[in-house]
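Peer 1: Whatever this is, show me its structure:
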Amino acid sequence: MKPFLIFLSLIILCITPIRAQDTLPPNFPPDPADLFDPRLQVVDVELIPPMPFADMDTQQIRVFDALAGDWHSFPFPADFTDRPSIKAWEQNTYLIYSVNIGAWVLDAENGTYQEMQMVCGGHAPTLIGDGEWFPMIVWNDISTGDIDTMRLCFTETDELTEPLPTDIDWFYCCGALSVNTTGEWLILTATAGEVTVETQTYGPTWYVYYGYEIKTGNLHRIGELPTRLEFSFPPGVSSGWVDDTHGILYDFAGGESSPDDFYAFNVTQPDSLQLFMHGWLLWSSWEYIDYNQSYQTLETSAQVQYITGSRITDHQPCILYIYDTYGIREFELGYDCLAAHFFYADGAYYTIQADTNQSETSTLLRVDSLTGEITELFMGEIEGFLQLSPDGRYATLMMDNNGQVDRVDYYQDGALGAVNSYGLESPSYITVDLQTGQQIEIVTDISRFVYDQRNPFYYLFNITNEDYSIRIVQHTTATTFVVEVTPRNYNGYPPPRAIYTLEYHSD
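Peer 2: Numbering: from 1, shown residues only. So this is what the prediction gives:
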């Protein structure tokens, strides 16, 4: 294990004042041996002390001095009737601001303030690399939506773009404003259309999406989605882009069990919006994978029946949908995939497939994410898929020996294998080396394996530790994680955090 590289930084949030603990917890950050599986090696650990907060009762900004190990207090720079927001500025300085009052930079070393100019019509200034775009609209008549000029403003520079076309209805502008991964393009939202029912006119009937190239001012229509009229907000850009130019828009349907629409687009290409999937992407495990920027879902009859709360008349085979930098792909994997549950590792998807509704065996499959090529890895009376090592080498399967695959209700408690026998007569847990096909461990203790469907590698962390809470904040490569550890019993707010970068090694 490499020696710890510990450095201190502060991440600032505006928070509710609560009495803060005077010092960091003892033995913080904790020993990795108490928290992580031995196969996870510590690459780096970053200590983030308690974050500053605004105490409205005393009109003080409270900042934790990491070197001295105590708190310093500084009076507000003005009479704040609203709680001031706080965020990190340059080294050992913090931006204290309120939209209604102004902005100041606090130097925590000497306790002095420097007043800053608000930008973009009342927004707080930002450092280089932290800028945001905001619409700047001059109205002829806001009650009718009549716009004189529409520009965009960047908070790093306070500079305005050239006016955007006024023949576009920008009244609901920028509800889905999103910057692509290179910062060169924006997604802008406008509205269009109306419908007359008897004597009443309703609108808008469409949300219209535009790609805007910041450097050139090039603006083109990507596509449109219906407003459904009952919604007051537009569909939005989802949690990530799949590359520098391709992203995803989602259109939520009404009703808890109704499927949603997910659309792919190329921000540089007009009329590029196209349907990726009509289904339950956000209900699926691993709908977005950080490190390879991909969206995917696995749908099968049992899963659809669970989500909709009713049985479907036509059987739906197991279908894997993928959208990433290589485009949109759809692979049919067989009759049924147990619980529509899958893992991703080593450039492939792993799932359990059964050939018929009444089958004696099921098969662990590896599906190449680019070609859809299927490799059968292990066959038997597999009832559940509990664990897969991040490198795709080891799989832990829940099995039974009553002569049939029971189709147990994996959705019952939201966690497959979470100390639950699912009514199986004699479940066992078998770990298989997928490189050799050998069974390297067989156990019958149902408490041995715990798996959270939304966090499939939590089995590598001691999440039941009484002193510390652990959560994955980023999956940076196939075998590398960033994990946040916070003390459970810290009596101040916000708590200090230790950010570990961990690398998985099978051997």
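Peer 1: what about the strands in the stretch 401-507 of the chain?
Peer 2: 428-433, 438-443, 468-477, 480-487, 497-504 (DSSP state E, counting those that start in this stretch).
Peer 1: Same list (those) but as JSON lines, adding distance to Asp70.
Peer 2: Where C-beta positions appear, they are placed from N, C-alpha and C, glycine not excepted. Output for the strands of the stretch 401-507 of the chain, formatted as JSON lines (distance: least, Cβ to Cβ, whole Å):
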{"stretch": "strand 428-433", "distance to Asp70": "49"}
{"stretch": "strand 438-443", "distance to Asp70": "49"}
{"stretch": "strand 468-477", "distance to Asp70": "23"}
{"stretch": "strand 480-487", "distance to Asp70": "18"}
{"stretch": "strand 497-504", "distance to Asp70": "18"}
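Peer 1: Contacts only, for the closest residue in space to Leu35 that isn't next to it in sequence.
Peer 2: Spatial nearest neighbour of Leu35, excluding adjacent residues (Cβ to Cβ, 6 or more residues apart in numbering): Asn462 at 5.2 Å. Neighbour list for Asn462: Asp34, Leu35, Phe36, Ile470 [criterion: Cβ atoms under 8 Å, 6 or more residues apart in numbering].
Peer 1: what about Asn462, distance to Asp31?
Peer 2: Here Asn462 is placed at a distance of 11 Å from Asp31 (Cβ to Cβ, to the nearest Å).
Peer 1: next structured bit after the helix or strand bottoming out on mean pLDDT in the chain?
Peer 2: The least trusted helix or strand in the chain, going by mean pLDDT, DSSP states H and E, turns out to be strand 236-237, with a mean of 62. Elements were assigned by DSSP states H and E; along the chain past strand 236-237, the next helix or strand is strand 246-251.
Peer 1: Now do that following strand: which elements does it pack against?
Peer 2: In terms of contacts (3 or more Cβ pairs under 8 Å, 6 or more residues apart in numbering; DSSP states H and E), strand 246-251 is packed against strand 236-237, strand 260-266.
Peer 1: hey, least reliable of those by pLDDT?
Peer 2: For these, mean pLDDT drops lowest on strand 236-237, to a mean of 62.
Peer 1: quick revisit: please spell out the PyMOL selection for the buried subset of the contacts of Asn462.
Peer 2: The following PyMOL line selects those of the contacts of Asn462 that are buried, judged by 16 or more other Cβ atoms under 10 Å:
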select buried, resi 35+36+470
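Peer 1: Just the contacts of Asn462: which are in strands?
Peer 2: Using DSSP state E, the subset of the contacts of Asn462 located in strands is Ile470.
Peer 1: which pair in the contacts of Asn462 spans the largest distance?
Peer 2: Asp34 and Ile470 (10.6 Å; Cβ to Cβ).
Peer 1: what about the stretch 1-150 of the chain, any weak spots by pLDDT?
Peer 2: Scanning the stretch 1-150 of the chain for pLDDT under 70 picks out the ranges 1-23.
Peer 1: ah, wrong one, I meant the stretch 301-450 of the chain
Peer 2: For the stretch 301-450 of the chain, the ranges with pLDDT under 70 are 306, 311-313, 408-420, 450.
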